[in-house]
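[1] I would like the atomic coordinates for the input below:
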Amino acid sequence: MTKTIGIPRAMYFYEFYPVWEAYFKSLGFEILLSPKTNKDILNAGILACVDEACLPVKIFHGHVVFLKDKVDYIFIPRIIGLHKREYNCPKHLGLSDMIKSSIDGLPEIIDPIINLRNKNGVKIAVKDMKNELKLNYSQKELYKNAIREQEKYKKNLLKTDISLKKDEKSSNLLILGHPYNVYDEFINMNILEKLKDEDLNLFFAEDIPEKDYREYSSQFIKRIFWTQGRKLIGSSYYLIDNELIDGIMYLSAFGCGLDSMLVYLVEKKCIEKNIPMIVLTLDEQTGEAGFVTRIDAFLDMMEWRKKDENNLSTFR
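    The predicted structure follows:
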């Protein structure tokens, strides 16, 4: 009988689902995805999780609650680091432990250690998976196929010409934030759909090639040791320094330790280059009316600044 692996539609899902899907399907497993985040999932997560956790972690708990009685396994990898001398958010590192201590009646949790900070990281992760899933054959070729799918996914994310000059009529807006804040429609109250109705060209951190955002995030005396931090800082600095954007909208979850530093660094750059920026803080109490009002005011300010900056500054 075919076994089913549950994958929560949260956190690293938005970056790595293609490689997970290809990998598990090639092993003969069925995959059950939790649905898009909704009010029931949020409420289940709030009840299961500690109060001090950030909104994305609470929502992750809710997705696990949805899956736990429907699958044979739940996949929650321990993603320690994806590059040499870099780490991920501590909450990602301990997510499977949080789930195990917070939620009763769980199926078996598949939580391999994924640590690409050393050259044997992939081999160790594959070995962990093989042992946890009780597989008795080589997975080397299957892993290569999965990586191939991930590379295809990455290429599809990139725009054909990120270096195009600014449109004199439409404003270029960078939507910045961790992928689970930017692409989860429930967390951000479907902000991307709202912005589609505006006369805007939207940019995302995923639009910037890795070699470029790594170069632009390396201008500090001390190395940024968060992988996601390097991506957010590097992509924003790249777009600002090349004069490709008119403003930045940063989506930040309340209580995010990484964002407390990243927001400051992006704000500092924006002040230096006279780029308007708004920070929208997301938590379970965020009201849509106030959210929309702030967005509308910011977009109006961007439009006035683009047309009338020579007459009256609308920034600081």
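[2] residue nearest the centroid of this protein?
    Pro179 (2.0 Å; CA atoms, centre = their mean).
[3] from Glu86, how far out is it?
    Per CB to CB, to the nearest Å, Pro179 is found 17 Å from Glu86. (Glycine included, C-beta is placed from N, CA and C.)
[4] now Leu133
    In terms of CB to CB, Leu133 sits 28 Å off from Glu86.
[5] and what of Tyr12?
    Tyr12 is 15 Å from Glu86, by CB to CB.
[6] quick one, which of the two is more surrounded?
    Per other CB atoms under 10 Å, whichever of Tyr12 and Glu86 has more neighbours is Tyr12, with 21 against 18.
[7] got the phi/psi numbers for that one?
    As for Tyr12, its main-chain torsions (degrees, to the nearest 10) stand at phi -70, psi 0.
[8] so what's the closest residue to it other than its chain neighbours up against?
    With CB to CB, 6 or more residues apart in numbering as the criterion, Tyr12 has its nearest non-adjacent residue at 6.2 Å, and that residue is Ile79. When contacts are counted by CB atoms under 8 Å, 6 or more residues apart in numbering, Ile79 touches Tyr12, Asn88, His92, Leu93, Ile114.
[9] and of those, the nearest to Lys169?
    Distance to Lys169, by CB to CB, is smallest for Tyr12 among these, at 37.7 Å.
[10] per-residue confidence for the closest one?
    Predicted confidence (pLDDT) for Tyr12: 89.
[11] cool, and Phe220?
    In this prediction Phe220 is given a pLDDT of 84.
[12] backbone torsions only: list them for it.
    phi -90, psi 150.
[13] same check, this time on Glu108
    Note on Glu108: its backbone torsions stand at phi -70, psi 130 [degrees, to the nearest 10].
[14] so how far is Val71 from it?
    Glu108 is 9 Å from Val71, by CB to CB.
[15] tell me the domain ranges of the chain?
    With automatic domain parsing as the criterion, the domains of the chain are listed as 4-157, 171-308.
[16] host element of the closest residue to Val292 other than its chain neighbours?
    Nearest non-adjacent residue to Val292, counting by CB to CB, 6+ apart: Lys194, 7.1 Å away. Following DSSP states H and E, one finds Lys194 within helix 191-196.
[17] which stretches of the protein form helices?
    13-26, 39-48, 55-67, 90-93, 95-102, 121-132, 140-157, 179-182, 191-196, 210-216, 227-241, 257-273, 288-308 (DSSP state H).
[18] JSON lines please, covering these and showing distance to Thr2.
    Shown next, in JSON lines, are those (distance: least, CB to CB, whole Å):
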{"stretch": "helix 13-26", "distance to Thr2": "11"}
{"stretch": "helix 39-48", "distance to Thr2": "26"}
{"stretch": "helix 55-67", "distance to Thr2": "17"}
{"stretch": "helix 90-93", "distance to Thr2": "29"}
{"stretch": "helix 95-102", "distance to Thr2": "24"}
{"stretch": "helix 121-132", "distance to Thr2": "17"}
{"stretch": "helix 140-157", "distance to Thr2": "16"}
{"stretch": "helix 179-182", "distance to Thr2": "29"}
{"stretch": "helix 191-196", "distance to Thr2": "36"}
{"stretch": "helix 210-216", "distance to Thr2": "36"}
{"stretch": "helix 227-241", "distance to Thr2": "34"}
{"stretch": "helix 257-273", "distance to Thr2": "39"}
{"stretch": "helix 288-308", "distance to Thr2": "42"}
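[19] flag whichever of these has the least confidence on average.
    Ranked by mean pLDDT, the helices of the chain end with helix 140-157 in last place, scoring a mean of 68.
[20] hang on, Tyr253 packs against Val279?
    Careful, residue 253 is Ala; it's not Tyr. No: counting by CB atoms under 8 Å, Ala253 sits too far from Val279 to count as a contact (11.3 Å).
[21] between these two, who's got more neighbours?
    Neighbour totals were compared for Ala253 and Val279, and Ala253 leads with 24 against 16 (other CB under 10 Å).
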